[in-house]
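Asks: Give me coordinates for this.
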Amino acid sequence: MAADGGPGTRALGALTAPDDDLRAWARLAPLGLVLLGAGTCVTGDAAVGRGTGASRRRWVLGGTVGLLLQGAGLSVFGEAVKRRALHDVRTSSAAGAA
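Replies: Predicted structure coming up:
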């Protein structure tokens, strides 16, 4: 294993510029938050529908869609956090090397 972080680390660094990670973070973070919020609203609406006696099909389908949206939102937001961390690490290591 190489001392610089393992095989392929240098190649990966060459493929992804820090600015690309920052741009991806700027797109993904708001999208993840919107998906998470939409999923919470849809799940809440399904819960209210269940409590008020809506048809089982309506609240089960709504709850399922809401939970899928929440999961997607968490995944997208997690990717945004990863991209920001990569940007910060690359930026700080580039500043330390200079």
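Asks: which helix in this structure runs the most residues?
Replies: helix 56-97 (DSSP state H).
Asks: same for that helix, what does it pack against?
Replies: helix 18-51 (3 or more Cβ pairs under 8 Å, 6 or more residues apart in numbering; DSSP states H and E). C-beta coordinates here come from the backbone N, C-alpha and C atoms, glycine included.
Asks: Distance from the helix it packs on to the middle of the chain?
Replies: Centroid separation for helix 18-51 versus its chain: 9 Å, with Cα atoms, centre = their mean, to the nearest Å.
Asks: What of stretch 53-67?
Replies: The answer for stretch 53-67 is 25 Å, by Cα atoms, centre = their mean.
Asks: Likewise for stretch 86-98?
Replies: Worked out by Cα atoms, centre = their mean, stretch 86-98 lies 23 Å from the chain centre.
Asks: how close does the residue of the chain positioned farthest from its centre sit to Trp59?
Replies: Centroid-distance maximum for the chain: Gly53 at 34.5 Å, with Cα atoms, centre = their mean. Relative to Trp59, Gly53 is positioned 9 Å away (Cβ to Cβ, to the nearest Å).
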